[in-house]
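In: coords please:
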Amino acid sequence: MDSRRDTVYKQLFSHPEIVRDLLVGLLPAEWARALTVNELERVNASYASDHGKARHADVVWRARIGGEWVYVYILLEFQSRPDKWMALRMQVYVGLLYQDLVAQHRLSKHGKLPPVLPIVLYHGRRPWRAATTLAQLMLPPPVGQERFQPGQQYLLVDQHHQGTRGDIVNLVIRVLRCRTEPELWLAVKAFVTRMREPDLNPIRETLRNWLQLTLQDELGETKMDLEEDDAMPAERKYKLEDVLTDEFLDLLLQPREDSVKEGLQAGMQQGIQQGIQQGIQQGERAALQRLLTRLLARTGIPAGAESRIAEADSSQLSDWIKALFDGASPRQLFAEG
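Out: The predicted structure is shown next:
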């Protein structure tokens, strides 16, 4: 995962809406379903051991349940390989968290430490096969010593075994684990549907930014740079955000226009002719007109282009769209006819 995606991915978990959705999706408990975003609070995630060694990379939230705070310790795991010693690391992290709470006198009203829910989020290429309990990393103790052994374990969220949960974190993972283009767009459609539900309104822009960066990585850089000419600044480009608008998301969620969406995706990666042709076969001339007009609007629609777009058949519209994705200047494109 590159640094931009890494940063935006972590930012997802700075929002209580994401954390609540994760807990509801993972846990069958009634308290999780009853949890509101106002009962979640992010806390310091930097701790130092007695030897001064610090840990900074994790995200820690606490949830108020039944009048007490329950800490949700979320470790964002970005390694490309599973970590054999993750259960041991989690034991250390939870211990540092507890030390910090004691030092700050942030205990329960009865002077006790809070329970902790350790969660590891993993989206590496290979399935996670590391131990999820500390006991799995230890030799069996002598008879009579079992109860004195540490028993740390963690809840694993692994992209390879997440099923069809509908929470936004599972849908993020579903997008990340796609291996084929049709699979990717089905995942994107499910992600967009969930993203646009009212409870995620406060973080819609963050989710959109993450999706843009992910699609750029998955589909490769597009060939949508405009040729320089004296009619527009040299830095003006077609970018993924030019297309991933609310209007396009509406289009994406319309079943009759899936073929247009597939055509757009194909253009981002290797030319859109085949996908657009599917749209032609289904009579999607109006959708092609809207898509072309939206692309042109980013740099200014050339004189006379609107009337030509209105009169053009689907074949001509698809040719113009493909030319734009291949790097043609709108002014030159319509001057040439």
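
In: all contacts plus neighbour counts: C-alpha atoms, from now on.
Out: OK.

In: what does the pLDDT read for Gly52?
Out: According to the prediction, Gly52 has pLDDT 57.

In: pLDDT below threshold where in the stretch 201-337 of the chain?
Out: Scanning the stretch 201-337 of the chain for pLDDT under 70 picks out 216-288, 298, 322, 325-327, 336-337.

In: could you say what helices and strands the longest strand along the chain packs with?
Out: Of all the elements of type strand in the chain, the one with the most residues (DSSP state E) is strand 68-77. If you count contacts as 3 or more CA pairs under 8 Å, 6 or more residues apart in numbering; DSSP states H and E, strand 68-77 packs onto strand 59-65, strand 116-122.

In: that one vs strand 59-65, what angle?
Out: Computed with axes from the mean of the first three to the mean of the last three CA atoms, to 10 degrees, the direction of strand 68-77 lies at 150 degrees from that of strand 59-65.

In: strands paired with strand 68-77, and their directions?
Out: In its sheet, strand 68-77 lies beside strand 59-65 (antiparallel), strand 116-122 (parallel), with partners assigned from DSSP bridges.

In: C-terminal to the last one, what's the next element?
Out: Right, the one you point to is strand 116-122. Proceeding C-terminally, strand 116-122 gives way to strand 155-158 as the next helix or strand, assigned by DSSP states H and E.

In: Asp158 reaches Arg125, doesn't it?
Out: No - with contacts counted by CA atoms under 8 Å, Asp158 stays clear of Arg125, the gap being 10.2 Å.

In: higher neighbour count, these two?
Out: More crowded of Asp158 and Arg125, by other CA atoms under 10 Å: Asp158, with 19 against 14.

In: just for the stretch 1-150 of the chain, where's the confidence low?
Out: Per-residue confidence for the stretch 1-150 of the chain (pLDDT under 70) gives these ranges: 1-7, 47-57, 75-80.

In: and the strands paired with strand 68-77 as a markdown table, adding mean neighbour count and distance to Ala29?
Out: Putting the strands paired with strand 68-77 into a markdown table (neighbours: other CA atoms under 10 Å; distance: least, CA to CA, whole Å) gives the following:
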| stretch | mean neighbour count | distance to Ala29 |
| --- | --- | --- |
| strand 59-65 | 19 | 12 |
| strand 116-122 | 19 | 13 |
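
In: and stretch 21-34, how far apart are its ends?
Out: The first and last residues of stretch 21-34 sit 11 Å apart, counting by CA to CA, to the nearest Å.

In: got the contact list for it?
Out: With CA atoms under 8 Å, 6 or more residues apart in numbering as the test, stretch 21-34 has contacts from 20, 65, 165-170.

In: name the helix or strand for Gly95, please.
Out: helix 86-103.

In: got the angle between that helix and strand 59-65?
Out: Our comparison of helix 86-103 with strand 59-65, counting by the same axes, to 10 degrees, yields an angle of 60 degrees.

In: in terms of secondary structure, what does helix 86-103 contact?
Out: Using 3+ CA pairs under 8 Å, 6+ apart, the elements in contact with helix 86-103 are strand 47-48, strand 116-122.

In: same thing but at 10 Å, please
Out: Packed against helix 86-103 by the contact rule (3 or more CA pairs under 10 Å, 6 or more residues apart in numbering; DSSP states H and E) you find strand 47-48, strand 54-55, strand 68-77, strand 116-122.

In: can you tell me the SS state at Arg294?
Out: Here Arg294 is helix, with the state taken from DSSP: H, G, I helix; E, B strand; the rest coil.

In: what is the burial count for it?
Out: The number of residues packed near Arg294 is 18, by other CA under 10 Å.

In: swap in Glu183?
Out: Glu183 has 13 neighbouring residues, counting by other CA under 10 Å.

In: OK, contacts around it?
Out: Each residue near Glu183 by CA atoms under 10 Å, 6 or more residues apart in numbering is listed here: 174-175, 177.

In: Met195: which of the strands paired with strand 68-77 is closest?
Out: Closest to Met195 of these is strand 116-122 (CA to CA; 19.7 Å).

In: using CSV, write out every CA atom in the helix or strand hosting Arg204.
Out: Using DSSP H and E, the secondary-structure element containing Arg204 is helix 204-219. This file holds the C-alpha atoms of helix 204-219, laid out as CSV (Å, rounded to 0.1, in the frame of the first residue of the first chain):
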residue,chain,number,x,y,z
ARG,A,204,-18.7,10.6,2.7
GLU,A,205,-15.8,12.8,1.4
THR,A,206,-13.2,10.7,3.2
LEU,A,207,-14.7,7.5,1.8
ARG,A,208,-14.8,9.0,-1.7
ASN,A,209,-11.1,10.1,-1.4
TRP,A,210,-10.1,6.6,-0.4
LEU,A,211,-12.1,5.1,-3.2
GLN,A,212,-10.4,7.4,-5.7
LEU,A,213,-6.9,6.5,-4.6
THR,A,214,-7.7,2.8,-4.6
LEU,A,215,-9.2,2.9,-8.1
GLN,A,216,-6.2,4.8,-9.3
ASP,A,217,-4.0,2.0,-8.0
GLU,A,218,-6.2,-0.8,-9.2
LEU,A,219,-6.9,0.5,-12.7
